[in-house]
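1. This is a predicted model, with the sequence first.
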Amino acid sequence: MKLTLHVWRQRSSQDSGRMVRYELADVNPDMSFLEMLDVLNEQLLSKGEEPVAFDHDCREGICGSCGFVINGVAHGPQRGTTVCQLHMRHYHDGDELYLEPWRAAAFPVVKDLVVDRGALDRIIAAGGFISVQTGAAPDGNAIPVPKGNADMAMDAAQCIGCGACVAACPNASASLFTAAKVSHLNLLPQGQPEKADRVLKMVVQANEELFGSCTNIGECTSVCPKGIPLEMIARMNRDYLSAALVRR
Amino acid sequence: MQLNSRIPSGPIEQRWDKCRFEMKLVNPANKRKFSVIVVGTGLAGGAAAATLAELGYNVKCFCFQDSPRRAHSIAAQGGINAAKNYQNDGDSIYRLFYDTVKGGDFRARESNVYRLAQVSVNIIDQCVAQGVPFAREYGGVLANRSFGGAQVSRTFYARGQTGQQLLLGAYQALERQIGAGRVAMFPRTEMLDLIVVDGRARGIITRDLMTGKIETHLADAVVLGTGGYGNVFFLSTNAKGSNCTAIWRAYKRGALFANPCFTQIHPTCIPVSGDYQSKLTLMSESLRNDGRIWVPVKKGDTRSPEQIPESERDYYLERRYPSFGNLVPRDVASRAAKGVCDEGRGVGGTGLGVYLDFSDSIRRLGEGAIRERYGNLFEMYERITGEDPYKVPMRIFPAIHYTMGGLWVDYHLMSTIPGLFVIGEANFSDHGANRLGASALMQGLADGYFVLPYTIGDYLANAKLHKVGGDHPACREADASVRERLKGFLSIGGKRSADSFHRELGKIVWDECGMARNADGLGKALEAIPALREEFWSNLAVPGTGEELNQQLEKAGRVADYFELAELMCLDALTREESCGGHFREEHQTPEGEAMRDDDKFCHAAAWEYKGDGAKPERHIEHLEFEYVKPSQRSYK
Ligand SMILES: Cc1cc2nc3c(=O)[nH]c(=O)nc-3n(C[C@H](O)[C@H](O)[C@H](O)COP(=O)(O)OP(=O)(O)OC[C@H]3O[C@@H](n4cnc5c(N)ncnc54)[C@H](O)[C@@H]3O)c2cc1C
Ligand code: FES
């Protein structure tokens, strides 16, 4: 099939950036979206032009490296998928696609479709952990965890930190990301001692990173490749409120 | 060169204790005076960096991804082994040790493997305490599954995302130390050379991938946890960025490279579909617990699978290996798949595939149970192939997955360059010629949490290091050679992309040094690789500059190193005149087509020493003693 691509090209964070149009013939429907971009890049290279920069690593939807907006939707049209898992069989001959980087004040563009998501790491560094030194652990079966809790914690822990939730949110809020980590750890018995401290610190850090606040729109969960549900945010807010009350 | 593996004496179960007791300790107050560089934030590097910082060392940590959480370990699916014996099914440290030595086809160091089995139990405790949401039974206790190459259930898992959850555990521990200011983290930073001063590893040269800035980082010791080199084949299950640059640069600075030809082909991957293909996707081998592998009995049978009656299906693993059946080790399963495809009984468009069929299990356990166990893997399969594995059998084919070879290390995980430690998949230590499923995660975390943090202390306490500044001639020389190389790539001005060379190189290595090897083919590869390399250095196209994010430049450097490594792999494979584990030399097989070791001549690790560009590297050997598990021909019948 033949496609027309409009790709955001931006040399560096200083550059202002623009959409550039490319024509691509012979796109195989079994290709992944990133393989389609590989083909575009080979084409650009052979013309002596600079290939499009985009982040990627595992190409199987787990590392969270890849991600950009396709026709206005973070990670493209297929639910529960990252762009690296999206295959061209979902497109048709003659389609026109617009590719843009995540847009958020907290995610400055590095080049083309690549952004800096370091803010997400700093939210984790603020409190997204259980403080246990190597070697200080009791036997793995010493504390039974009800299966329901373990499963729910796993639902939350599946977050791949790609940043799509931020890109999709009109407020550029990182609430779904933060809530997923808070919920993962706060649902487990091991996470209880630091429960209050954790949620307070992480939420404060998210605010300091120029992420917006959550107004319950729900765009985040609809683009989340792991389908992290909105309830996680409600849980975080509950934990936050009770922690804030206790602190007073 | 005499390789000293520094294996402690005494009964095997006391060696690690003895070693720890004999080690010199660094006084807690002195630890902050020492600095350690950790390259890599996978399970090995992430665990090590966090633990070293907890102990009080000054740590600088590097990865090329934009976040330490994205290291390739994140992609591991199936699980992690530990000799907990929670299932009461007869497992023990000794059995895990035994299985690993045997699974590795008697080419691993017994003492290391024993230690690995010992600390495996601590790993699970540690991860649970960190909040890793392992699968649980209804009573709240940890669940286990069985995995290829073992007859007990000792594998712990978190759905199909075990690597992700273990890595997030290590990453969170690491972020905690970053937040506390005890680890300086450098994401999007690639190590391009090792600095060796007076024979000791003292630092690295890095490139900031965002700005192109070249920097010198100095420390008292350097740890490489930079992963495996499976991407030398271009198509592999590894993440696209996985590369050999760090260990290859260290090799060229004097660290010996052991058993480069020991690579693992994983039996259950999604077959190649076209020549645009950029990587291969693994379907966790845990699927072999409930899926049955078969091909048609008849050659060239093009009927769709449901039209082939039971009597015309060949469940060849169950037939050939009745006691292990579909759970034989990876090398055996992969070779068997190749065998049936070579006979013309492969399935799918290319004929390079076999069925992995769940219909019996679905009938027996219900679709719900199968969905619970493998839901996300089935989804992944459907996304890629457009086929629904609940209805049609999966098609799978072997693909390169893991590299057992790596930098040679002693019992302390130190390479032949004092002060250079190598952990995780980057070293050669524990898996011999074949790794058992769910053992890489175990090894990475064992090295990172429980072994290296001790052994590095002994080194630092004994080393008497003097201060080195960035203006030391060794630093300046390394810095200049990195700049020179980068300039070289940018100035070739040729026509072909690094990827196109990489793809062609990978094809040569896959054809001649892949699932089966012979002297003739290896000889051909040893001619083809240098010829292609020459073209690479004269016709490579790298647009842009070195002072910005330049992904083509990054690739060029990695591919250049793969070219050199590929040659060493073939040389190693040619020299090892036996079949063992993943290394199958067609000249050395039993009449039934099983691998035939030659313990008289090759009961050793081969460690190669760099002798200069264009010169033949020198082969050293570490003889392997098997005091506990007596070498026998592996039998899974
Ligand atoms: C698809 C897949 C599934 C798997 N499933 C399992 C499983 O179920 N069970 C199991 O036990 N094993 C499994 N494995 C194997 C296992 O995942 C790996 O062997 C293991 O995770 C390697 O960990 P590591 O820490 O050694 O390296 P990696 O996780 O590969 O980390 C390497 C690190 O080094 C950094 N790095 C590399 N080069 C440089 C450089 N030059 N400069 C700076 N940084 C650098 C990277 O950024 C990264 O942080 C699987 C592997 C694959 C491919
Ligand atoms: S490349 Fe890893 S999630 Fe897409």
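-> Cool, the structure landed. Numbering: from 1, shown residues only, chains lettered A, B, ... in the order given. Ligands and ions are numbered 1, 2, ... in the order given.
2. would B:Ile396 count as being in a strand?
-> Yes: counting by DSSP: H, G, I helix; E, B strand; the rest coil, B:Ile396 is part of a strand.
3. how many neighbours does it have?
-> 28 (other C-beta atoms under 10 Å in any protein chain shown). Where you see a C-beta, it was placed from the backbone N, CA and C, and this is true even at glycine.
4. could you pull out the helices for chain A?
-> A:33-46, A:118-127, A:147-157, A:164-168, A:175-186, A:195-208, A:219-223, A:231-247 (DSSP state H).
5. So which of those helices is nearest ligand 1?
-> Closest to ligand 1 of the helices of chain A is helix A:118-127 (C-beta to the nearest ligand atom; 13.3 Å).
6. who are the neighbours in contact with the residue of the stretch 151-300 of chain B found nearest ligand 1?
-> As assessed by C-beta to the nearest ligand atom, ligand 1 sits closest to B:Gly227 within the stretch 151-300 of chain B, at 2.5 Å. Shown in contact with B:Gly227 (C-beta atoms under 8 Å, 6 or more residues apart in numbering or on different chains): B:Gly40, B:Gly42, B:Ala71, B:His72, B:Ser73, B:Asn238, B:Ser242, B:Gly424, B:Glu425, B:Ala426.
7. Kindly present the helices of chain A as CSV, with separate columns for distance to ligand 2, mean neighbour count and mean pLDDT.
-> Below are the helices of chain A laid out as CSV (distance: least, C-beta to the nearest ligand atom, whole Å; neighbours: other C-beta atoms under 10 Å in any protein chain shown; pLDDT from 0 to 100):
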stretch, distance to ligand 2, mean neighbour count, mean pLDDT
helix A:33-46, 7, 20, 97
helix A:118-127, 14, 23, 98
helix A:147-157, 16, 20, 96
helix A:164-168, 10, 28, 98
helix A:175-186, 15, 28, 98
helix A:195-208, 22, 20, 97
helix A:219-223, 14, 20, 98
helix A:231-247, 20, 16, 94
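8. what would those look like in CSV with distance to A:Val73?
-> Listed next are the helices of chain A as CSV, based on distance: least, C-beta to C-beta, whole Å:
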stretch, distance to A:Val73
helix A:33-46, 12
helix A:118-127, 20
helix A:147-157, 23
helix A:164-168, 8
helix A:175-186, 16
helix A:195-208, 24
helix A:219-223, 7
helix A:231-247, 20
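9. Including distance to ligand 1, could those go into a markdown table?
-> Listed next are the helices of chain A as a markdown table, based on distance: least, C-beta to the nearest ligand atom, whole Å:
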| stretch | distance to ligand 1 |
| --- | --- |
| helix A:33-46 | 17 |
| helix A:118-127 | 13 |
| helix A:147-157 | 16 |
| helix A:164-168 | 22 |
| helix A:175-186 | 20 |
| helix A:195-208 | 23 |
| helix A:219-223 | 25 |
| helix A:231-247 | 27 |
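10. Can I get those in JSON lines including distance to chain B?
-> Shown next, in JSON lines, are the helices of chain A (distance: least, C-beta to the nearest C-beta, whole Å):
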{"stretch": "helix A:33-46", "distance to chain B": "5"}
{"stretch": "helix A:118-127", "distance to chain B": "4"}
{"stretch": "helix A:147-157", "distance to chain B": "4"}
{"stretch": "helix A:164-168", "distance to chain B": "14"}
{"stretch": "helix A:175-186", "distance to chain B": "5"}
{"stretch": "helix A:195-208", "distance to chain B": "9"}
{"stretch": "helix A:219-223", "distance to chain B": "16"}
{"stretch": "helix A:231-247", "distance to chain B": "14"}
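11. and B:Trp294, backbone torsions?
-> phi -150, psi 160 (degrees, to the nearest 10).
12. where does B:His217 land in three-state SS?
-> Under three-state DSSP, B:His217 comes out as strand.
13. Apart from its neighbours in sequence, what residue is nearest whichever residue of chain A sits closest to chain B?
-> The nearest approach of chain A to chain B comes at A:Pro144, 3.0 Å away (C-beta to the nearest C-beta). Among residues not flanking A:Pro144 along the chain, B:Gly140 sits closest, at 3.0 Å (C-beta to C-beta, 6 or more residues apart in numbering or on different chains).
14. Please see if stretch B:125-139 touches ligand 1.
-> No: if you take C-beta under 6 Å from any ligand atom as the test, stretch B:125-139 misses ligand 1, and the best it gets is 12.9 Å.
15. how about the CA coordinates for that stretch, as CSV?
-> Output in CSV follows, covering the C-alpha atoms of stretch B:125-139 (Å, rounded to 0.1, in the frame of the first residue of the first chain):
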residue,chain,number,x,y,z
ASP,B,125,13.1,-13.0,49.4
GLN,B,126,14.7,-9.8,48.3
CYS,B,127,12.3,-9.2,45.4
VAL,B,128,9.2,-10.0,47.5
ALA,B,129,10.3,-7.5,50.1
GLN,B,130,10.7,-4.9,47.3
GLY,B,131,7.1,-5.4,46.3
VAL,B,132,7.6,-7.5,43.2
PRO,B,133,4.0,-8.8,42.6
PHE,B,134,4.8,-12.4,41.9
ALA,B,135,2.0,-14.8,41.1
ARG,B,136,0.3,-16.2,44.2
GLU,B,137,-2.0,-19.1,45.1
TYR,B,138,-5.3,-18.5,46.7
GLY,B,139,-3.8,-19.0,50.1
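16. Does it reach chain A?
-> Yes: among the residues of stretch B:125-139, B:125-131, B:133-139 lie within reach of chain A under C-beta under 8 Å from any C-beta of the partner chain.
17. tell me the two of these that are most distant?
-> Among the residues of stretch B:125-139 next to chain A, the pair separated by the greatest distance (C-beta to C-beta) is B:Gln126 and B:Tyr138, at 24.7 Å.
18. Most neighbours among the contacts of B:Gly227, which one is it?
-> B:Gly42 (35 neighbours).
19. Please name the residues that touch that residue.
-> Here B:Gly42 is in contact with B:Ala71, B:His72, B:Ser73, B:Leu167, B:Gly225, B:Gly227, B:Gly424, B:Glu425, B:Gly444 (C-beta under 8 Å, 6+ apart).
20. Of those residues, which pair is most distant in space?
-> Once C-beta to C-beta is applied, the contacts of B:Gly42 give B:Leu167 and B:Glu425 as the farthest pair, at 13.2 Å.
21. ok, B:Gln126 and B:Tyr138, which is more surrounded?
-> Taking neighbours as other C-beta under 10 Å, B:Gln126 and B:Tyr138 compare with B:Gln126 leading, 27 against 9.
22. ok, and the closest non-adjacent residue to that one?
-> For B:Gln126, the closest residue by C-beta to C-beta, 6+ apart turns out to be A:Ala137, at 4.8 Å.
23. likewise B:Leu571?
-> B:Leu526 (6.8 Å).
24. Got the domain ranges for the chain?
-> Answering for chain A, as no chain was given. Under the assignment automatic domain parsing, the domains of chain A span A:3-110, A:117-247.
25. I was after chain B.
-> The domain map for chain B lists B:267-398, B:473-596, with the assignment taken from automatic domain parsing.
26. Let me know which of those is the nearest to A:Asp55.
-> Across these, A:Asp55 has its closest neighbour in domain B:473-596 (9.2 Å, C-beta to C-beta).
27. Distance from that closest one to the middle of the chain?
-> Centroid separation for domain B:473-596 versus its chain: 17 Å, with C-alpha atoms, centre = their mean, to the nearest Å.
28. ok, is it in contact with ligand 1 or not?
-> No: on the criterion C-beta under 6 Å from any ligand atom, domain B:473-596 is out of touch with ligand 1, staying 8.3 Å away.
29. A:Glu209 contacts A:Ala106, doesn't it?
-> Yes: under the criterion of C-beta atoms under 8 Å, A:Glu209 makes contact with A:Ala106 at 4.9 Å.
30. who touches both of those two?
-> Shared contacts of A:Glu209 and A:Ala106, counting by C-beta under 8 Å, 6+ apart, come down to A:Ala119, A:Ala174.
31. Of those two, which one has the most company?
-> When neighbours are counted by other C-beta under 10 Å, A:Ala106 comes out ahead of the other of A:Glu209 and A:Ala106, with 24 against 19.
32. Next one: the more buried one from A:Cys66, what distance?
-> 19 Å (C-beta to C-beta, to the nearest Å).
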